[in-house]
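> No letters, just coordinates:
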């Protein structure tokens, strides 16, 4: 007896008196064959979440099993393309973009007819194991696609096509396993999105993801292969922060997931990405970017799947030996999709209506990050940066609180900083990172032996400023002694001249580690000399009358990354400033 629809509750379809389904199985729902996934099985019925609009579905329409889990096709052509939540291309083969896909399109591949120039790198008769590299495709000038033996297959290469042009339908190799079974190999492969791809070993993180954003790289760094959360209310700059990270980070490949965001915001993001130029190659950034768009008016079930689709693509390129960074904007909308689907399944709600398994789902997502040794002997990394959109900017709500349990970097965006036009609006008092100790050897070897010590001094000054500002609110700044006023003045230089960064300024948009380190040294040198003058009773207003203060605060957008020798010259200016005021005081 074939399965048929018993009841329809928005995106949840119930099938009764059919016991052949298994959990997680992909099914085709209705006459239009809408994509669905089995999410619950009771004694006499199964619940299916449908990834397309269920409008027009009727009771008693057929539901067909596929016998396979929900999987996506991993193939050349993913880079530079735009997909929906279950990785169906939003661009037609003619290049025309649409936010809607025809119902029943299925889990379509990008273009099964397109041929790719394949270079075979393996030899006929060679023994290969799962994940082994047997060929490559020059996908574009930025990335080379590696052809891998699918997971679960190993044996002898009994057939190997020669180098040439092949489509995803063309067989390029045959592997015979130890039992004598043969397996056809193509340039593409399928993988279930909810199952992490296996690796040989996970390694300890040891180098930072370089972003060129000073408040991140210096104060709150994230390791390559690490995890970070970017929580913030409306208008605090979550999307812009992720755009900067996508453009400037030293990851090889960027996966950007617009999960449940407003349609106009996602449209703006897609338009901006299409115009961005990769600073490493001076070619379009899209050549090494995969965009997954699932706006708030798209089916809610597909929003829940979009996170898994994106991270599966990221793991696939990680297995090729690339450093991949995934930007999820935002996990709050994903959690809301979980809540909505859970409600329709009549599951017992937990805090604020979210399902009880919210914590485990967040954990399983962020745990897929890491630096790994792949099965094929290459090394790769997967960095996860998830934006969180707490309602009303309340960081005590369940998604933010539970996310903090599984990420090691927390960039808390502050609405007061954003309203003051201080971007990135990362609050240095509520943000934190746990990667400093692991990254310290890298900083010492590649940047400066004093980098970590200087960073600690900068954070200490900002924390001391916050304490003093509480006193200023009560009694005013005039009541403070000069040494405390000096801390406020130096902290102002740190806030405006270091932590604030203009994403649209040609010089300020990106800062090298060398320049960041030099800027810290100059600011701290100014503080030490000024403190020495204050100890010798030189009036602070006399110090502030010197031009060196205003000059240092504008280093960020006046001195280019290639002109750090100019910054070094400020040490001489500070010495002249110190000696001049000391001589005046002596008179």
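Everything's here; your move. A quick note: this is a predicted structure, and the numbers were derived from the prediction, not measured. Numbers count the residues shown, from 1 in each chain.

> Residue 251 and residue 323 touch, don't they?
Yes: taking contacts as CB atoms under 8 Å, residue 251 lies within contact range of residue 323: 4.9 Å. C-beta here means a position set from N, CA and C on the backbone, and glycine is covered the same way.

> Please identify which of these two sits among more neighbours.
residue 251 (24 against 21; other CB atoms under 10 Å).

> Show me the common contact partners of residue 251 and residue 323, please.
Shared contacts of residue 251 and residue 323, defined by CB atoms under 8 Å, 6 or more residues apart in numbering, comprise 224, 383.

> Which parts of the stretch 1-150 of the chain are strands?
Ranges of strands in the stretch 1-150 of the chain, per DSSP state E, counting those that start in this stretch, are 3-9, 12-16, 25-29, 34-41, 45-50, 62-69, 71-74, 82-83, 116-120, 127-128, 133-138, 144-148.

> Got the domain ranges for the protein?
Under automatic domain parsing, the residue ranges defining each domain of the chain are 3-71, 108-187, 201-434, 451-586.

> Longest helix in this protein, please.
Ranked by number of residues, the top helix in the chain under DSSP state H is helix 451-475.

> Which parts of that helix count as buried, going by neighbours?
Within helix 451-475, the residues scored as buried using 16 or more other CB atoms under 10 Å are 451, 452, 454, 455, 457, 458, 459, 461, 462, 465, 468, 472.

> What lies in contact with the helix or strand following that helix?
Remark: after helix 451-475, the chain's next helix or strand is helix 482-494, criterion DSSP states H and E. For helix 482-494, contacts defined as CB under 8 Å, 6+ apart pick out 458, 461-462, 464-465, 468-469, 472, 477, 480, 523, 526-527, 530-531, 534-535, 539-540, 543-544, 549, 552-553.

> Please compute how far the helix or strand just after helix 482-494 lies from its chain's middle.
Downstream of helix 482-494, the next assigned helix or strand under DSSP H and E is helix 513-535. Offset of helix 513-535 from its chain centre (CA atoms, centre = their mean, to the nearest Å): 33 Å.

> what's the neighbour count on residue 512?
If you count neighbours by other CB under 10 Å, residue 512 ends up with 16.

> Name every strand pairing with the host helix or strand of residue 256 and say which way it goes.
Taking DSSP H and E as the definition, residue 256 sits inside strand 253-259. The pairing partners recorded for strand 253-259 under DSSP bridges are strand 289-294 (parallel), strand 323-329 (parallel).

> Residue 446 and residue 513 touch, don't they?
Yes: here residue 446 reaches residue 513: they are 7.2 Å apart, a contact under CB under 8 Å.

> which residues touch residue 446?
residue 513.

> And for residue 394?
Contact analysis of residue 394 by CB under 8 Å, 6+ apart lists residue 400.

> least reliable of the strands of the stretch 1-150 of the chain going by mean pLDDT?
Lowest mean pLDDT of the strands of the stretch 1-150 of the chain: strand 82-83, a mean of 88.

> want to try JSON lines for the strands of the stretch 1-150 of the chain, with distance to residue 212 and mean neighbour count as columns?
What follows is the strands of the stretch 1-150 of the chain, written out as JSON lines (distance: least, CB to CB, whole Å; neighbours: other CB atoms under 10 Å):
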{"stretch": "strand 3-9", "distance to residue 212": "48", "mean neighbour count": "16"}
{"stretch": "strand 12-16", "distance to residue 212": "45", "mean neighbour count": "21"}
{"stretch": "strand 25-29", "distance to residue 212": "41", "mean neighbour count": "22"}
{"stretch": "strand 34-41", "distance to residue 212": "40", "mean neighbour count": "22"}
{"stretch": "strand 45-50", "distance to residue 212": "40", "mean neighbour count": "23"}
{"stretch": "strand 62-69", "distance to residue 212": "40", "mean neighbour count": "16"}
{"stretch": "strand 71-74", "distance to residue 212": "30", "mean neighbour count": "21"}
{"stretch": "strand 82-83", "distance to residue 212": "26", "mean neighbour count": "23"}
{"stretch": "strand 116-120", "distance to residue 212": "33", "mean neighbour count": "18"}
{"stretch": "strand 127-128", "distance to residue 212": "40", "mean neighbour count": "16"}
{"stretch": "strand 133-138", "distance to residue 212": "28", "mean neighbour count": "19"}
{"stretch": "strand 144-148", "distance to residue 212": "25", "mean neighbour count": "22"}
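
> Make TSV out of those strands and add distance to residue 239.
As requested, the strands of the stretch 1-150 of the chain are exported to TSV (distance: least, CB to CB, whole Å):
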stretch	distance to residue 239
strand 3-9	33
strand 12-16	31
strand 25-29	32
strand 34-41	28
strand 45-50	28
strand 62-69	32
strand 71-74	25
strand 82-83	16
strand 116-120	33
strand 127-128	43
strand 133-138	32
strand 144-148	29
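
> counting contacts, what elements does the lowest-mean-pLDDT helix or strand in the chain pack onto?
The weakest-scoring helix or strand in the chain, judged by mean pLDDT, DSSP states H and E, is helix 263-275 (a mean of 72). Packed against helix 263-275 by the contact rule (3 or more CB pairs under 8 Å, 6 or more residues apart in numbering; DSSP states H and E) you find helix 238-248, strand 253-259, strand 289-294.

> weakest of the strands paired with strand 253-259 by average pLDDT?
Lowest mean pLDDT within these: strand 289-294, a mean of 89.

> Off-centre distance for that one?
Distance of strand 289-294 from the chain centroid (CA atoms, centre = their mean) equals 12 Å.

> In the following helix or strand past that strand, which residues are buried?
Per DSSP H and E, the first helix or strand lying C-terminal to strand 289-294 is helix 300-319. Within helix 300-319, the residues scored as buried using 16+ other CB under 10 Å are 300-319.

> Same question for stretch 379-397.
For stretch 379-397, burial by neighbour count (16+ other CB under 10 Å) applies to 379-390, 393, 395, 397.

> how about low-confidence regions in the chain?
For the chain, applying pLDDT under 70 flags the ranges 1, 91-110, 586-587.

> Would you mind finding the longest strand in it?
Scanning the chain for the strand with the most residues, using DSSP state E, yields strand 379-388.

> So which elements touch that strand?
Packing partners of strand 379-388 (3+ CB pairs under 8 Å, 6+ apart): strand 227-231, helix 238-248, helix 300-319, strand 323-329, helix 331-344, helix 358-366, strand 370-373, helix 398-404.

> Run the chain-centre distance for it.
Computed by CA atoms, centre = their mean, the separation of strand 379-388 from the middle of its chain amounts to 5 Å.

> Over to stretch 136-146?
The gap between where stretch 136-146 is centred and where its chain is centred comes out at 22 Å by CA atoms, centre = their mean.

> Assess the claim that residue 199 and residue 372 are in contact.
Yes: Residue 199 is in contact with residue 372 according to CB under 8 Å; the separation is 4.1 Å.

> tell me the angle of the longest helix of the chain relative to helix 513-535?
For helix 451-475 against helix 513-535, the angle by axes from the mean of the first three to the mean of the last three CA atoms, to 10 degrees is 50 degrees.

> which residues does the residue nearest to residue 383 when sequence neighbours are not counted contact?
Closest residue to residue 383 apart from its sequence neighbours, by CB to CB, 6 or more residues apart in numbering: residue 325 at 4.4 Å. By CB under 8 Å, 6+ apart, the contact set of residue 325 is 209, 245, 246, 249, 251, 253, 254, 255, 382, 383, 384, 385.

> For these, could you give me JSON lines that also reports distance to residue 133?
JSON lines is the format used below for the contacts of residue 325 (distance: CB to CB, whole Å):
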{"residue": "209", "distance to residue 133": "25"}
{"residue": "245", "distance to residue 133": "29"}
{"residue": "246", "distance to residue 133": "27"}
{"residue": "249", "distance to residue 133": "25"}
{"residue": "251", "distance to residue 133": "21"}
{"residue": "253", "distance to residue 133": "17"}
{"residue": "254", "distance to residue 133": "23"}
{"residue": "255", "distance to residue 133": "21"}
{"residue": "382", "distance to residue 133": "18"}
{"residue": "383", "distance to residue 133": "23"}
{"residue": "384", "distance to residue 133": "25"}
{"residue": "385", "distance to residue 133": "28"}
